[in-house]
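> Would you be able to build a 3D model of this:
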Amino acid sequence: MSDDPSTATVHAPATGPDQPLSDPFEVNRRYLGSVAYRLLGSFTDAEDVLQEAWLRWRSVDRSAVADPRAFLTTVVTRLCYDQLGSARARREAYFGEWLPEPAVSYQDAPASPAEVAELGESVSMALLAVMEQLTPAERAAFVLHDVFAVGFDEIAASLDRTPDAARQLASRARRRVKAGSRRSTADPAEHRQAVEAFAAATARGDIESLLAVLDPDVVWHSDGGGIVTAGARPVFGADKVSRLVRGLAAKFLTPGWSFGFALVNGEPGVIWYPQPGLVGGVIAFTVTDGRITEAYTVVNPEKLAHLNVAAS
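Prediction:
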């Protein structure tokens, strides 16, 4: 399995005689995959974008490309920008809540400084969900500048805007993200402690212990896509969420099922398996002051398929 959770299944075509390892597309493939995933929230769509970007790269006059990385970033951004418009229409017709496809890593070791620079900071499920409220242009400007530190001149070229307009897009997106976010205030150890307490209480069916780890105003989000039974709307409040979780545990934590811990979009989360090697669901959490304020549960098998492929 790839050590990088955000590019586990975003593949360019295999390197061959006409695509050596020194080819700029191959050199930047992980970075481009990270950009596409953070712009789209979908590994499936990100992989489609990389395939199309690779085809365009093959057909371009490379002698006229002064900066291949900037050129490829522009190509990927424009392809994602086009997809975001149609994706919004699809997601409005989606059954229940639409949540991003989770990026899962079983590696606890932090990324090296070079990897952070190449791949951008981890983008939590909560932040990806909030970014669904941005316009395609706002999302592109925010991700490129705030996550990948791309300059506004380059962003402007990608979006066919002026640098000042690109700066305004990023600023507006930043304000909207801040207004819509319940960002985690927990350090990794505190976050993990809350998740482990949640898992232990869930396994026991212990309502009182669940209430102790859930914020009174906790929000539970679910995405089954109409394929797997899941709530069509968020569930609000610790009492309702704790009873929901106990009911789910009674239904799913049966012999043959197992669950464990993993990093979900760079933060401690829970993953469970209906049978060995088959991912049945992933939960990402936001933790504030030691309590869980939001949970994002993805059980739509189409959004988990990349995890089974990556683990095989």
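> Restricting to C-alpha, output the secondary structure element (helix or strand) that Ala141 belongs to in PDB.
For Ala141, the host element (DSSP states H and E) is helix 136-142. Once non-C-alpha atoms are left out, helix 136-142 reads as follows in PDB (Å, rounded to 0.1, in the frame of the first residue of the first chain):
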ATOM      1  CA  PRO A 136     -15.200  26.000  -8.400                       C
ATOM      2  CA  ALA A 137     -13.000  29.100  -8.800                       C
ATOM      3  CA  GLU A 138     -12.900  29.800  -5.000                       C
ATOM      4  CA  ARG A 139     -12.000  26.200  -4.300                       C
ATOM      5  CA  ALA A 140      -9.200  26.200  -6.900                       C
ATOM      6  CA  ALA A 141      -7.700  29.400  -5.600                       C
ATOM      7  CA  PHE A 142      -7.900  28.300  -2.000                       C
END
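> helices or strands up against it?
helix 68-92, helix 152-159, helix 163-180 (3 or more C-beta pairs under 8 Å, 6 or more residues apart in numbering; DSSP states H and E). Placement of C-beta: from N, CA and C, glycine included.
> among these, which is the most enclosed?
Ranked by mean neighbour count, these are led by helix 152-159 with a mean of 20 (mean count of other C-beta atoms under 10 Å).
> sorry, back to before: worst average pLDDT in the helices and strands packed on helix 136-142?
Ranked by mean pLDDT, those end with helix 68-92 at the bottom, a mean of 90.
> Could you please name the strands the helix or strand following it pairs with and the direction of each pair?
Remark: after helix 68-92, the chain's next helix or strand is strand 104-105, criterion DSSP H and E. Strand pairing for strand 104-105, determined by DSSP bridges: strand 258-264 (antiparallel).
> what helices or strands is whichever helix or strand comes after the partner strand leaning on?
With elements assigned by DSSP H and E, the helix or strand that comes after strand 258-264 is strand 267-273. For strand 267-273, the packing partners by 3+ C-beta pairs under 8 Å, 6+ apart come out as helix 188-204, strand 258-264, strand 281-288.
> Mean neighbour count, the ones you listed: which tops it?
strand 281-288 comes out most buried of these by mean count of other C-beta under 10 Å, with a mean of 26.
> Could I get the average pLDDT for that strand?
For strand 281-288, mean pLDDT rounds to 95.
> ok, now stretch 103-112?
When pLDDT is averaged along stretch 103-112, the result is 69.
> Quick one: closest of the helices and strands packed on strand 267-273 to Glu92.
strand 281-288 (22.8 Å; C-beta to C-beta).
> Please compute how far the closest one lies from its chain's middle.
Centroid displacement of strand 281-288 relative to its chain, using C-alpha atoms, centre = their mean, to the nearest Å, is 12 Å.
> just the angle between it and helix 188-204, please?
Angle of strand 281-288 versus helix 188-204, following axes from the mean of the first three to the mean of the last three C-alpha atoms, to 10 degrees, is 130 degrees.
> related to what we said a few turns ago, and the helix holding Ala141, how far out from the chain middle?
In terms of C-alpha atoms, centre = their mean, the centre of helix 136-142 is found 16 Å from the chain centre.
> quick one on the thing from earlier: between the helices and strands packed on strand 267-273, which one is nearest to Arg69?
So among those, strand 258-264 is nearest, using C-beta to C-beta, at 27.0 Å.
> Output the helices and strands packed on helix 136-142 in JSON lines; the columns should cover distance to Arg62.
Compiled in JSON lines, those are given as follows (distance: least, C-beta to C-beta, whole Å):
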{"stretch": "helix 68-92", "distance to Arg62": "7"}
{"stretch": "helix 152-159", "distance to Arg62": "18"}
{"stretch": "helix 163-180", "distance to Arg62": "26"}
